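K.L.:
Quick check, what structure comes out for this input:
(one chain, ligands or ions: 1)
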Amino acid sequence: MKKSVLIIGAGPAGLVAAANLLNKGCEVTIIERSVFPRIVVGESLLPYSMEHFKEVGFLEPLMAAGFAEKPGVRFIKKGVKFDFWFNEQFTKGWTYTWQVPRADFDMIMAEEVKKKGGVIHFGANISSLQTSPYPSVTFEKDGTTHTVKGDFLIDSSGFGCVVPNMLGHKVEKGQFPNWAVFTHVKDEFKNDFPEPNRISFDILETDLWFWMIPFSNGTTSLGFAGNKVHFEDAEDGGKAYFKKKLEKSAWFHERFKNTEILFEPVWHRGYSQSSETMYGENWVLCGNCAEFLDPVFSSGVALATASSMKASNMVIEAFEGKEVDWSEYSTYMRQGIDVFRTYVDHWYDGKLQDIFFSGHFNPTFKEQVCSVLAGYVWDMDNPFVRRPEQGLLSLHRVVTMMIEQEKN
Ligand SMILES: Cc1cc2nc3c(=O)[nH]c(=O)nc-3n(C[C@H](O)[C@H](O)[C@H](O)COP(=O)(O)OP(=O)(O)OC[C@H]3O[C@@H](n4cnc5c(N)ncnc54)[C@H](O)[C@@H]3O)c2cc1C
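P.N.:
Model prediction:
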């Protein structure tokens with residue numbers, strides 16, 4: 001008899017895991033709270049995820065959608081631009097990825113999962129679940145109660161953290177004191193500006209930055225993220241507030257001052273979270289549900305797809321009767337997450353920004369750092385992956401010294 005897996009949440013983590021399991025002969029049922037298409041944040045991808053999309057068979061349909069290509073990333077500080085290009089990186093990996101409106105992107109992957117035979121219950125409100133002696137989930141949908149059973153449960157409910165919350169496992173919140181607010185605009189004047197499709201981050205303060213993610217459908221995502229102290233003036237936090245905030249970025253204001261805001265800005269107040277344990281008897285957490293750090297390096301989806309590939313492959317091994325040590329999953333995820341955590345830490349203490357804007361960033365080291373920003377955080381040949389803390393601190397010492405020498 002076929003083995004079956006229950007998955008909570010149809011974001012990138014849940015859908016990639018679903019496709020991998022279906023490809024390998026399992027039955028999959030996804031329970032998703034919202035009704036697609038739905039607005040969700042996480043629109044700038046990293047090249048590493050392309051490996052996972054290819055492996056599970058999503059690449060072709062995603063390519064056919066014609067999403068805007070993201071060949072690199074641009075940081076701007078006080079009008080100075082600093083670019084990373086993914087074709088100038090240490091790890092031999094993907095040299096581009098996409099900028100995607102997630103409503104469309106997740107919808108395409110969900111359709112593919114259905115084509116492979118997966119069942120998705122949209123608009124489902126989970127009321128209870130058990131994980132032992134076997135997983136089962138009870139949910140309400142259209143006024144009816146349903147119970148589904150499986151041999152294994154993957155929780156990829158993002159900020160929902162369904163399994164940790166229902167089983168009483170601790171989810172630590174607020175490791176970074178950051179908030180964000182975003183919306184989409186009709187980018188009708190974009191062709192009046194150079195490089196209209198270039199994704200950019202305008203850094204206003206060491207701990208406050210704005211993002212611009214242009215899409216191929218004529219709209220663009222705009223958002224602000226940073227220390228919550230910068231958002232205390234929020235009042236109603238609606239469209240008027242958003243427009244006012246935009247004035248702080250000379251770079252973005254010029255392009256967007258007369259554009260139409262397409263929906264009420266969506267707030268994320270305190271998004272960093274970490275689950276105390278990533279697995280238990282017959283269950284595992286994937287994607288944000290396991291851990292989410294910060295959006296500054298667009299690492300969320302890449303960590304989500306990496307986690308769901310690793311977890312779903314381990315589920316298959318367990319089904320095949322192999323001895324599976326789930327602590328290996330936590331160790332694997334910690335490796336990737338902790339590399340990014342070092343970069344996020346040194347972003348907000350300003351050291352990484354000093355390096356980027358020093359004018360003395362050695363090209364060899366820049367390629368190695370670029371691979372981290374492309375999501376290749378398991379490439380142990382990269383010194384900036386193997387020893388991220390030492391790497392960044394020595395780099396910072398060198399550029400600081402060079403700047404001092406220049407002054408004298
Ligand atoms: C401000 C901000 C900006 C970000 N920008 C980026 C970026 O540019 N690039 C990037 O890669 N990442 C970004 N992220 C992170 C990104 O959003 C996530 O890391 C990514 O979406 C993770 O995918 P996931 O599948 O784990 O979760 P999600 O994409 O959040 O999917 C989880 C799914 O579970 C469903 N769900 C939730 N609760 C329940 C429930 N009780 N029952 C059933 N279903 C449920 C949700 O409806 C959702 O569809 C950003 C995050 C924030 C907060």
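
K.L.:
all contacts plus neighbour counts: C-alpha atoms, from now on.
P.N.:
Will do.

K.L.:
how about the longest helix out of those in the chain, does it reach the ligand?
P.N.:
Of all segments of type helix in the chain, defined using DSSP state H, the longest is helix 327-348. No - using C-alpha under 6 Å from any ligand atom, helix 327-348 stays clear of the ligand, coming no nearer than 11.6 Å.

K.L.:
Distance from the helix or strand following that helix to the middle of the chain?
P.N.:
Using DSSP states H and E, the next helix or strand after helix 327-348 towards the C-terminus is helix 351-356. Centroid separation for helix 351-356 versus its chain: 22 Å, with C-alpha atoms, centre = their mean, to the nearest Å.

K.L.:
Let's see the next helix or strand along the chain from helix 351-356 as CSV, backbone CA atoms only.
P.N.:
Using DSSP H and E, the next helix or strand after helix 351-356 towards the C-terminus is helix 363-373. This file holds the C-alpha atoms of helix 363-373, laid out as CSV (Å, rounded to 0.1, in the frame of the first residue of the first chain):
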residue,chain,number,x,y,z
PRO,A,363,36.8,40.6,-5.8
THR,A,364,37.7,37.0,-4.6
PHE,A,365,36.1,37.5,-1.2
LYS,A,366,33.2,39.3,-2.9
GLU,A,367,32.5,36.2,-5.0
GLN,A,368,32.5,34.0,-1.9
VAL,A,369,30.1,36.3,-0.1
CYS,A,370,28.0,36.5,-3.2
SER,A,371,27.5,32.7,-3.1
VAL,A,372,26.1,33.1,0.4
LEU,A,373,23.7,35.7,-0.8
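
K.L.:
Can you give me the buried ones in the next helix or strand after helix 363-373?
P.N.:
Toward the C-terminus, helix 363-373 is succeeded by helix 383-386 as the next helix or strand (DSSP H and E). Buried residues in helix 383-386, counted by 16 or more other C-alpha atoms under 10 Å: Phe384, Val385, Arg386.

K.L.:
tell me what the lowest-mean-pLDDT helix or strand in the chain is packed against?
P.N.:
Ranked by mean pLDDT, DSSP states H and E, the helix or strand of the chain with the weakest confidence is strand 171-173, at a mean of 89. Applying 3 or more C-alpha pairs under 8 Å, 6 or more residues apart in numbering; DSSP states H and E, one finds that strand 171-173 makes contact with strand 273-275.

K.L.:
now whatever residue of the stretch 301-408 of the chain ends up closest to the ligand, what's its secondary structure?
P.N.:
Residue of the stretch 301-408 of the chain nearest the ligand, by C-alpha to the nearest ligand atom: Val301 (3.6 Å). Per DSSP: H, G, I helix; E, B strand; the rest coil, the secondary structure class of Val301 is helix.

K.L.:
can you count the residues close to it?
P.N.:
Using other C-alpha atoms under 10 Å, Val301 has 24 neighbouring residues.

K.L.:
go on, Ser127?
P.N.:
Residues near Ser127, counting by other C-alpha under 10 Å, number 13.

K.L.:
again, but for Ser327
P.N.:
Ser327: 13 neighbours (other C-alpha under 10 Å).

K.L.:
Does Ser312 lie in a helix or a strand, and which?
P.N.:
Counting by DSSP H and E, the element that carries Ser312 is helix 300-319.

K.L.:
Pull out the buried positions in that helix.
P.N.:
300-316, 319.

K.L.:
Stretch 231-238 too?
P.N.:
Residues Phe231, Gly237, Gly238 are the ones in stretch 231-238 that count as buried (16+ other C-alpha under 10 Å).

K.L.:
As JSON lines, the residues you listed with pLDDT would be great.
P.N.:
Shown next, in JSON lines, are those (pLDDT from 0 to 100):
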{"residue": "Phe231", "pLDDT": "90"}
{"residue": "Gly237", "pLDDT": "87"}
{"residue": "Gly238", "pLDDT": "94"}
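
K.L.:
hang on, the earlier thing: so which elements touch the longest helix of the chain?
P.N.:
The elements that helix 327-348 packs onto, with contact taken as 3+ C-alpha pairs under 8 Å, 6+ apart, are helix 300-319, helix 351-356, helix 388-407.

K.L.:
can you list those helices in TSV and add mean pLDDT?
P.N.:
TSV is the format used below for the helices and strands packed on helix 327-348 (pLDDT from 0 to 100):
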stretch	mean pLDDT
helix 300-319	98
helix 351-356	97
helix 388-407	94
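
K.L.:
okay, now His52: neighbour count?
P.N.:
A total of 20 residues lie near His52 under the criterion other C-alpha under 10 Å.

K.L.:
now it, nearest residue through space, not along the chain?
P.N.:
Among residues not flanking His52 along the chain, Thr305 sits closest, at 6.5 Å (C-alpha to C-alpha, 6 or more residues apart in numbering).

K.L.:
do the same with Val162
P.N.:
Asp155 (6.9 Å).

K.L.:
picking that back up, please list all residues in contact with the residue of the stretch 301-408 of the chain closest to the ligand.
P.N.:
When contacts are counted by C-alpha atoms under 8 Å, 6 or more residues apart in numbering, Val301 touches Pro12, Ala13, Gly42, Leu45, Leu46, Ser49, Gly287.

K.L.:
On the three-state scheme, the third one is what?
P.N.:
Following three-state DSSP, we place Gly42 in the coil state.

K.L.:
Spit out the contact partners of it.
P.N.:
By C-alpha under 8 Å, 6+ apart, Gly42 lies in contact with Arg102, Pro295, Ser298, Gly300, Val301.

K.L.:
hang on, the earlier thing: make CSV out of the buried residues of helix 383-386 and add distance to the ligand.
P.N.:
Shown next, in CSV, are these (distance: C-alpha to the nearest ligand atom, whole Å):
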residue, distance to the ligand
Phe384, 20
Val385, 19
Arg386, 22
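
K.L.:
what does the stretch 51-200 of the chain have sitting close to the ligand?
P.N.:
Residues of the stretch 51-200 of the chain lying near the ligand by C-alpha under 6 Å from any ligand atom: Asn125, Ile126, Ser156, Ser157, Gly158, Gly160, Val162, Ala180.

K.L.:
what do you get if the cut-off is 8 Å, keeping everything else the same?
P.N.:
With C-alpha under 8 Å from any ligand atom as the criterion, the stretch 51-200 of the chain meets the ligand at residues 124-126, 156-162, 179-182.

K.L.:
How about the stretch 201-350 of the chain?
P.N.:
With the criterion set to C-alpha under 8 Å from any ligand atom, the stretch 201-350 of the chain comes near the ligand through 223-225, 267-268, 271-272, 286-290, 292, 294-305.
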